[in-house]
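*Asks:* heads up, no residue letters with this:
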């Protein structure tokens, strides 16, 4: 697709990058078939092709309107379209540019909307604020409105499952604990540490690291997002450069897809370009790490009876990171029966802060996904729904069946 940049954008990095990304799109429309919002709304401008057209208009000098921003806001950034696109359009990166332009050009958001977005940026990215708030929320959960109760999942604690201090350490890996995961679903990180420890791997989590920067970035707070990313690079890079560690392990695919893009975000930065590239290359999803440890895992498994689960692959894993089949491979290798539901390629509607900012659409997608997950659970006599991202796991909590991180299944089985 040819794009004639407006004079104001011709010599800007964003303008040139948008022009490069737009050039790959041939407007074939394959992407619309796998776009969740297009399937629900049926509006061309609420599908990837239409949104690309809106971004092209901005690149060529047409000022964004509030409606332009609304169409871009309604995108889940699930990147299913990237998996479908025969031309390899990097839609996610293009959308980031388009959203930034729309935010700058369109009329200011209503005060209430600005306040909600500010609270999300400042509250969710600060564990020292979020974790105490989650504890208070759990205490008062029975008397809270239903809409808030759904955002506060129960988190089982296993005091009897302690780290084996006698284990021989064969390897060390960096580990991102995350912003909301320690307070919202702490057993995910605890299970991760226990499983890796039994494989002789010690996880190192520098205390200066908290948020990967994704949340602020997708809410157009790029300046503070880059500051968070630089902070993380500064904490991780010396340990990798020294040779102490080779891997940065991530157990939340939403964080993983962001960190694997650090090299892209800083590719033109004089100080951080090379460091960011090193971090992105060191970053591995936990499924990528455990795929290489299957033999060791099988030796430690205590599988007395077959366990059957239904797996919901997070969009940030299957579309963002283009990782498919690894979770299934690891669990199947240790004797767990893993099945997918019929729309496993589609988003559940969580998408970071989307479930709060676009509640109606998010709820529709959640109900559709849960119906298919529970139907598949009955068909395959599964006891648990599993996923690999804290947002999906929280969003899909329901009264009919538990939803867990798949690493918790391994933690239950390892001896």
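*Replies:* Structure received. What you are looking at is a predicted structure, and each value in this text was computed from that prediction instead of being measured.
*Asks:* mind checking which helix or strand residue 337 is in?
*Replies:* In this assignment (DSSP states H and E), residue 337 forms part of strand 336-339.
*Asks:* counting contacts, what elements does that strand pack onto?
*Replies:* Counting contacts by 3 or more CB pairs under 8 Å, 6 or more residues apart in numbering; DSSP states H and E, strand 336-339 packs against strand 307-311, helix 326-333. In short, each C-beta sits where N, CA and C put it, glycine included.
*Asks:* change it to 10 Å
*Replies:* If contacts are counted by 3 or more CB pairs under 10 Å, 6 or more residues apart in numbering; DSSP states H and E, strand 336-339 sits against strand 307-311, helix 326-333, helix 359-379, strand 384-387, helix 406-413.
*Asks:* Turn those into TSV, columns for mean neighbour count.
*Replies:* As requested, those are exported to TSV (neighbours: other CB atoms under 10 Å):
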stretch	mean neighbour count
strand 307-311	21
helix 326-333	19
helix 359-379	18
strand 384-387	24
helix 406-413	22
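*Asks:* Out of the ones you listed, the one nearest residue 282 is which?
*Replies:* helix 326-333 (17.7 Å; CB to CB).
*Asks:* could you point out where the chain is predicted with low confidence?
*Replies:* Scanning the chain for pLDDT under 70 picks out 147-148, 155-166.
*Asks:* about what we covered before: which one of the helices and strands packed on strand 336-339 lies closest to residue 111?
*Replies:* Evaluated over those, closeness to residue 111 peaks at helix 359-379, with 18.6 Å, by CB to CB.
*Asks:* Can you spell out which helices and strands pack onto the closest one?
*Replies:* helix 36-41, strand 307-311, strand 336-339, helix 354-357, strand 384-387, helix 390-395.
*Asks:* tell me how far the first one is from the chain's mean position?
*Replies:* I take that to be helix 36-41. 20 Å (CA atoms, centre = their mean, to the nearest Å).
*Asks:* picking up where we left off before, I'd like the helices and strands packed on strand 336-339 laid out as JSON lines, including distance to residue 198.
*Replies:* Listed next are those as JSON lines, based on distance: least, CB to CB, whole Å:
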{"stretch": "strand 307-311", "distance to residue 198": "18"}
{"stretch": "helix 326-333", "distance to residue 198": "14"}
{"stretch": "helix 359-379", "distance to residue 198": "29"}
{"stretch": "strand 384-387", "distance to residue 198": "19"}
{"stretch": "helix 406-413", "distance to residue 198": "9"}
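*Asks:* Which of these sits closest to residue 399?
*Replies:* Across those (criterion: CB to CB), the nearest stretch is helix 359-379, sitting at 10.5 Å.
*Asks:* got the residue ranges for the helices in the stretch 51-200 of the chain?
*Replies:* In the stretch 51-200 of the chain, helices defined by DSSP state H, counting those that start in this stretch lie at 66-73, 80-84, 91-105, 111-124, 127-140, 146-149, 181-184, 186-198, listed in chain order.
*Asks:* Which one, of the ones you listed, ends up nearest to residue 315?
*Replies:* Nearest of those (CB to CB): helix 80-84, 6.5 Å.
*Asks:* can you list the helices and strands packed on helix 359-379 in JSON lines and add distance to residue 22?
*Replies:* JSON lines is the format used below for the helices and strands packed on helix 359-379 (distance: least, CB to CB, whole Å):
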{"stretch": "helix 36-41", "distance to residue 22": "19"}
{"stretch": "strand 307-311", "distance to residue 22": "35"}
{"stretch": "strand 336-339", "distance to residue 22": "39"}
{"stretch": "helix 354-357", "distance to residue 22": "24"}
{"stretch": "strand 384-387", "distance to residue 22": "33"}
{"stretch": "helix 390-395", "distance to residue 22": "29"}
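*Asks:* Looking at the ones you listed, which is nearest to residue 94?
*Replies:* So among those, helix 36-41 is nearest, using CB to CB, at 16.3 Å.
*Asks:* where's residue 394 relative to residue 153, distance?
*Replies:* 5 Å (CB to CB, to the nearest Å).
*Asks:* Residues in contact with both of those two, list them for me.
*Replies:* Shared contacts of residue 394 and residue 153, defined by CB atoms under 10 Å, 6 or more residues apart in numbering, comprise 184, 185, 403.
*Asks:* Report the buried members of those.
*Replies:* The neighbour count (16 or more other CB atoms under 10 Å) marks 184, 185, 403 as buried among these.
*Asks:* which one of those is nearest residue 103?
*Replies:* Minimum distance to residue 103 across those is 27.9 Å, recorded for residue 184 (CB to CB).
*Asks:* I'd say the closest one and residue 390 touch.
*Replies:* Yes - proximity of residue 184 to residue 390 meets the contact threshold set by CB atoms under 10 Å, at 6.5 Å.
*Asks:* Mutual contacts of these two, please.
*Replies:* Taking CB under 10 Å, 6+ apart as the criterion, residue 184 and residue 390 both touch 153, 178.
*Asks:* tell me which element the spatially most central residue of the chain falls in.
*Replies:* The centroid of the chain falls nearest to residue 254 when counting by CA atoms, centre = their mean (1.6 Å). Residue 254 is located in helix 253-259, with elements delineated by DSSP H and E.
*Asks:* helices or strands next to that helix in the packing?
*Replies:* Partner elements for helix 253-259 (3+ CB pairs under 10 Å, 6+ apart): helix 214-218, helix 222-241, strand 248-250, helix 273-282, strand 283-285, helix 286-291, helix 315, helix 390-395.
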